[in-house]
Structures are given as C-alpha cells and as structure tokens.
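[1] sequence first, predicted model second:
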Amino acid sequence: MKRNRVFREGTIGGYVVAGIDGVELFSSTKKACPECLRRKTQSGQTEWFHRSVVCMTVGKAPHVILGQEMLKPKDGSGKDEGELTGGKRLIERLRKRHGHFADVIVADALYLNAPFIKTLKENGLEGVIRLKDERRLLFQDAESLFHRGEGKKKSFQKGKKKAEVWDLSGFEMPNCPYRLRVVRYHETWKEKGKNKERWMWLVTTLEEAGYEVLWEMMNHRWDIEENGFHQLKTYYHAKHCYCHGATEVIWNLLIIGFNMREIYLYRRIHGFIKRGISRKSVSRIFCDDLQTEKVKNILYEESG
C-alpha cells in the first residue's frame, strides 16, 4: 500500500486519518487460556475473554486495518491491561515497523489522556479526541469562554445538518506538555418533521486543520465500528473461538483476509464504489465460489 501510494491524497481533508478503538472477540464462563482477561458477571461468575485494540484508516475507502494489539492479562498490580496501555503500545509498534503510517489518530473520549497524547506527539502524530466529561477542567474552562462568545466561528452546512462552531486554542491539561485546541459543535436538523439537535466537543493537537475538516474526522471515527468490526464479526466470524490456544494468530489472519478484500475491491476493481455493489454481496460470492467442486479440488490436492 505504501509503495503504491494508496493514500497519497489522504483520507480526509488531505490527511491520512486512522481510528483507534477496542473490540472484544469472544468470552466464556467455562474455558480459559493463559492469555485471557477476566471479569465478574452480574451473577458472580468469572468470565474470561479476549480483547484487542485496533488501528484502522477512516474516511476515504479502502478501510484498512494497520495493526492490532492484544490486551494482556493481570500484571504485577493485579489488573488486566486497559485500552490505553494497549493503544500506546500499538502506536509505538506501528511507528517502529512502518514509519509515518498516518497523520492523525481519531479516538473516543477514553483516550483523552495526557500519556496517550504524549505518545502520539512523540511518534509524529496528531490527535483528534472526543470530549464528553463535563467534570473535566478542560471542558469547564472552554465552556466558560464559549458562553462569553469567544471563539465563535461561521456556521456551516453538511447535508441536512447545520452546525454552529466555537473554536479556541491554548488550553492546558494536567501532565500534558502540549497546548490543546477545543472545538464545540451544535448541530441542528429536521428528521421526520421534528427538529433534532446534538452537541459535539473534541480536543485536538492539530492547529492547521479547519473546523469543518475536524468535524468530518470525528464523524468518520465510526468507520472503525461500521466498516471494520461489523464486517469482521458478521462476515469473517471474528466472534467465533476457532482455537483458544491461537486466538491472536487467527485474529491476525482474519485481518489479513479483510485487508486483501478491501484492497482488491477498491483498488483493483475500477469503479467499484459507483456500481453500488455491497461488500456483503461480494463476501457471499467468495463463499459460494469456495463451495464449487473446482475450488475444492484445488484446496484439497496433495500438492495444492
């Protein structure tokens, strides 16, 4: 992909944007392995499960998974690893292996954390992270300025939605050596004859990007769920425990298969997007072809 400059024009606003998020693969109250994480169910039973942090390109297709990091079970402090720990390790590993693999990382509010932001900046990346917690001093400081009318920008229209914008830079967060930019959006639209609205806040280290581009980045954060996890769980059966002793190996093989399909459809088949063919249909065709006698013979030949 790098050699063929798949993302030479970026994925959103000229930037190569990747999302990072955690996904649970499967769980069991009966079977476990040394790499399992554990938790208590409402009934008090111990439940074992596997969880991975995934980094995937968002915005312009193809949506490609750049890497994953399995969360590890209990360490010396007696706690299983969390997403932040796995996310930082994944960012560092991707940078070491692929160099500059992306320009911007988008993430949910869980990742609004000083050590994570420092990891991004130290690896040559910018962050665009959701801000939700109204108890944060960062939220309160920005809100007080916005209420006084500071940072008010020109509103814009995206489809049926109209968005008012407040945008200010220079905010501080405890233990974070970088100044942060806070952007607030108030979206309004009509749906089935009713007026709808939504407030969205984000924090970013990216100073150059326009607030419309940042809005698009944050909204495309859902690509990792809709175009990644949903596809892998529904059509690649990632929730199925094929072999408990080789969970990470199988997960990586599924990701390789997913990436190959994405690249084939969006880079090899010209005009695939315009044809209106769903990836679900393509997956069904692939599966049907694997059931033909000809392919069976190839798969099961002694030298095949």
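    Received it, and whenever you're ready, just let me know what you need.

[2] mind listing the strands for the stretch 1-150 of the chain?
    17-28, 37-40, 46-57, 65-70, 104-107, 126-130 (DSSP state E, counting those that start in this stretch).

[3] can I get the ones you listed in TSV including distance to Gly149 and mean pLDDT?
    C-beta here means a position set from N, CA and C on the backbone, and glycine is covered the same way. Below are the strands of the stretch 1-150 of the chain laid out as TSV (distance: least, Cβ to Cβ, whole Å; pLDDT from 0 to 100):
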stretch	distance to Gly149	mean pLDDT
strand 17-28	31	95
strand 37-40	47	91
strand 46-57	38	95
strand 65-70	41	97
strand 104-107	28	98
strand 126-130	24	98
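
[4] so can I have TSV of those showing mean neighbour count and distance to Phe229?
    TSV is the format used below for the strands of the stretch 1-150 of the chain (neighbours: other Cβ atoms under 10 Å; distance: least, Cβ to Cβ, whole Å):
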stretch	mean neighbour count	distance to Phe229
strand 17-28	22	5
strand 37-40	14	18
strand 46-57	21	8
strand 65-70	21	10
strand 104-107	27	15
strand 126-130	23	17
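
[5] any chance of CSV for those, columns distance to Asp223?
    CSV is the format used below for these (distance: least, Cβ to Cβ, whole Å):
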stretch, distance to Asp223
strand 17-28, 6
strand 37-40, 26
strand 46-57, 7
strand 65-70, 11
strand 104-107, 9
strand 126-130, 13
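
[6] and Gly170, what is it in contact with?
    Residues near Gly170 by Cβ atoms under 8 Å, 6 or more residues apart in numbering: Arg179, Leu180, Arg181.

[7] bridging residues for the nearest residue to Glu216 once chain neighbours are set aside?
    Once flanking residues are discounted, Glu216 sits nearest to Ile12: 5.4 Å by Cβ to Cβ, 6 or more residues apart in numbering. Beta-bridge partners for Ile12, by DSSP bridges, are Tyr15.

[8] I'd assumed His220 was in contact with Ile12.
    Yes. Between Ile12 and His220 there is a contact under Cβ atoms under 8 Å: 6.1 Å.

[9] point out where the chain drops to low pLDDT.
    Scanning the chain for pLDDT under 70 picks out 75-78, 293-304.

[10] picking that back up, for the residue nearest to Glu216, give its distance to Val213.
    7 Å (Cβ to Cβ, to the nearest Å).

[11] Thr292 too?
    To Val213, Thr292 is 47 Å away according to Cβ to Cβ.

[12] quick one: which of those two has more around it?
    Val213 (18 against 10; other Cβ atoms under 10 Å).

[13] that older thread, what's the local residue count around the residue nearest to Glu216?
    Count around Ile12 with other Cβ under 10 Å applied: 24.
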